[in-house]
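Q: got a predicted model here, sequence first, then my questions.
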Amino acid sequence: MRTFCFRKSSCVRVILSAAAAIMQIGILTFGPDAALAHGERNQEPFLRMRTAHFYDVKWSANDIPVNGEIVVTGKFRLFPIWPVNLPLPEAAFLGNGTPGPVLARTESYINGVPAIQSTKLELNRDYEFKTVLKGRVPGHHHVHPMINVMGAGPLLGPGNWLSVTGNESDFKLPIKTLSGETIDNLETWGLGRVFFWHGLWVAIAIVWLVWWLRRPLLLPRLRALTEKGGDRSQLVTGIDRLFGASLLVATILIVFFGFQATDAAYPRTVPLQGSRATVEPLPEVPEQVKVVVNKSNYDVPGRSLRMNVTLTNNGSTSAQLGEFLTSNQRFINHEVSQAMATVDPNYPKELLPPNGLKVSDSRPLKPGETKTVDIEAADAAWETERLSSLINDPDNTLGGLLFFYEEHGKRTISNVSGPMVPVFTDPDNRTAENPKGGAG
Amino acid sequence: MQGGTSVRLYGLEWPKESARISRVLDLLVAAILFLAVSGAFHLHYMLTAGDWDMWIDWKDRQWWVTLTPIMAITFPAALQYVFWTKFRLPIAATFAVVCLLFGQWINRYFGFHLWSYFPMSEVIPALLIPGALVLDVALLLTGNFLFTAMSGAFAFALLFYPANWFWLAPYRLPVEVMGQLVSVGDYISYAFTRTALPEYIRLIERGTLRTFGGHSAIIASFFSAFVSILMYLAWWHIGMLLARVVTTPNTLKNFMGLTDKDEPAETAQKAIDRTSLQGRFVATE
């Protein structure tokens, strides 16, 4: 018997290569079930520092079974010093950054308004959001709240690792239609009809193709068309035309009666819904503390942001600077107990730089008082989160939120923004580990 | 076929062995062409009508209905030129859309469903086979590309929406979600989220065809049918141009000293004129 494998060793090599290729495809397709994060560190620092600032974000759980629910809540402020190269948030959508639809979103709201449609948002205003997610694909998933802004792209909130356990095949997302049908699972709804109609038309198409392919195909037909003596009438016969005409009539009849039957089966349908939601921002709260940035430096060797700011308390109560938030990094002033109390134990540790915020004078700012203080946010996060690449951006203005706390814990938020000047060499030899400088 | 050492195929004498080899070649070419057209047509279609074809909440009554036939008639038209003028085979359109459908189902099942976790109900491709069958039969019965354009290409687009309504209707049932009216398709895509494809980015009907009595799909189908005629004609000619065998002179041989001293070197322009450009619209059949 003739065979393509002339030697045994060749056969073995071919079989092993094929097996390796199949295994590789299999591993790539079914292997990694723990997808990693979403490239948020790859977004330009000006984008992360001066667009949407998420705060008070909470996840109701970190582990859920398939079909279990996680509720993500929090607030975000759209920064007033919005990058000039980004369009304003005329159309925005509350999304969730996940590695594909590993969780099903069943509800989402901005300020209590359903966020199934896009909406217009305003700068320098705060919004409260809530998203209900249902476990679907088992694994360890990094999940962010997110605002998509038309023209600006996805603006990610803080990401947290969530575990979904169980069996994917147990997932169900049922719903009842307004016309009375009960849908057991949206994942598989309508697929029987899809497979039937796709299969039917593919079968008809194959009949048509085989009708022609069963006869000698290429060279004989080409010769018959181009050479003397070729009989063109045999290429397309009367029977072919009759069969074609019958197929034409059958196609039109199937489409016509199929359409009628479908319309009768589903008399009440609606088009895709494309309206825009209207969302009012949260009531405006005047800034209690006015912040003016006198100077700001990013100390490259020390991985530290230093700001010299003038604070003016325009309120009627004293206030302490408790937190600096930028790019989802929360630099907490450890000397302010009210600020420390706001840290949720479930909050992702990688978003809480351990050195926190150092303030040269943390004493409460009295009503009407103005004072100038030095603020330092030193942490390796500036490098690991790739925020220090702000010095390479054409727009190197930094931005963030400063949280001030009254004695009884009431909080007010002030925007902070200013040009950032890098310091490449430090004459005092200061570093994050050795902030006082010198020989250490 | 006759007995002996030769057979008669379409009026011409063929040695039996040649006829056998020709048949093997038929099958090889068919298999290779199937994969090549699947890949090329799928790529073209995804780049031009991709999102409408991919997502259940993009298949609207205006843009999807308008754009899909216009973008999908391209390869069928170009292949019809080759299949019909060179081989008298009226199967190009059906062949092309079956290839496309094969590529789409492979892509949706392995790429979108298994790899990216999207449920199949969110990523069903459109059906183009009924229109393609009519396009092929129109060419078979008329034998003329102009009449095929006016009848077949027109029907290709007109049949698109009703032929897809069979399977699409269950995804347009109304549901109430968070006190809002949406279709099942809207809710499927809302629930199984696309991180980088938010709601506002959908190019779908937003109510701009109200002046036509709300019959968006019918208006869009007729508009698409008219444009499909033009697209068919354009791509028939693209098929014609791409099917030409063109040779270009090796002008570098002058520098290599390979020119025959008695024969003056042919310029590139002259060679192009000779081989390709002159008479390009007369050499159709």
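A: Received, thanks.

Q: not counting sequence-adjacent ones, nearest residue to the closest residue to chain B within chain A?
A: Going by C-beta to the nearest C-beta, chain B is nearest to residue A:231 of chain A, at 3.0 Å. The C-beta positions use only the backbone N, C-alpha and C, and glycine is treated the same way. The shortest distance from residue A:231 to any non-neighbouring residue, by C-beta to C-beta, 6 or more residues apart in numbering or on different chains, is to residue B:11 (3.0 Å).

Q: in contact with the nearest residue to residue A:150 once chain neighbours are set aside, which residues?
A: Nearest residue to residue A:150 in three dimensions, chain neighbours excluded: residue A:91, at 4.0 Å (C-beta to C-beta, 6+ apart). Applying C-beta atoms under 8 Å, 6 or more residues apart in numbering or on different chains, we find residue A:91 in contact with A:118, A:119, A:120, A:149, A:150, A:276, B:200.

Q: over to residue A:103?
A: Contact analysis of residue A:103 by C-beta under 8 Å, 6+ apart lists A:70, A:96, A:133, A:134, A:135, A:136, A:137, A:141, A:143, A:162, A:164, B:193.

Q: what is the burial count for residue 44?
A: Looking at chain A here, since you left the chain open. 18 (other C-beta atoms under 10 Å in any protein chain shown).

Q: wrong one, chain B
A: For residue B:44, the neighbour count with other C-beta under 10 Å is 16.

Q: quick check: it vs residue B:126, distance?
A: Residue B:44 sits 15 Å away from residue B:126, going by C-beta to C-beta, to the nearest Å.

Q: so where is chain A shaky, pLDDT-wise?
A: Applying pLDDT under 70 to chain A flags residues A:1-39, A:426-440.

Q: ok, now which ones touch the residue nearest to the spatial centre of it?
A: When C-alpha atoms, centre = their mean is applied to chain A, the residue found nearest the centroid is residue A:97 (2.7 Å). Remark: with contacts taken as C-beta under 8 Å, 6+ apart, residue A:97 is in contact with A:38, A:40, A:142, A:143, A:144, A:145, A:146, A:154, A:156, A:157, A:159, B:195.

Q: among the residues you listed, name the buried ones.
A: Buried members of these, scored by 16 or more other C-beta atoms under 10 Å in any protein chain shown, are A:38, A:40, A:142, A:143, A:144, A:145, A:146, A:154, A:156, A:157, A:159, B:195.

Q: that older thread, identify the bridge partners of the residue nearest to the centre of chain A.
A: residue A:144 (DSSP bridges).

Q: next: residue A:110.
A: According to DSSP bridges, beta-bridge pairing links residue A:110 with residue A:113, residue A:129.

Q: same question, residue A:290
A: Bridge pairing for residue A:290 - DSSP bridges - gives residue A:312.

Q: pull up the gap between it and residue A:319, please.
A: To residue A:319, residue A:290 is 11 Å away according to C-beta to C-beta.

Q: more crowded one of these two?
A: Legend: neighbour count by other C-beta under 10 Å for residue A:290 and residue A:319, higher for residue A:319 (25 against 14).

Q: that one: what's its closest spatial neighbour, skipping adjacent residues?
A: For residue A:319, the closest residue by C-beta to C-beta, 6+ apart turns out to be residue A:404, at 3.9 Å.

Q: kindly report the same for residue B:125.
A: In space, residue B:125 is closest to residue B:104, 3.7 Å off (C-beta to C-beta, 6+ apart).

Q: do the same with residue A:50
A: Leaving aside its sequence neighbours, residue A:50 sits nearest to residue A:399 (C-beta to C-beta, 6+ apart; 3.8 Å).

Q: quick check: next helix or strand after the helix or strand hosting that neighbour?
A: Element membership for residue A:399 (DSSP states H and E) is strand A:397-405. Note on strand A:397-405: by DSSP H and E, the next helix or strand toward the C-terminus is strand A:411-419.
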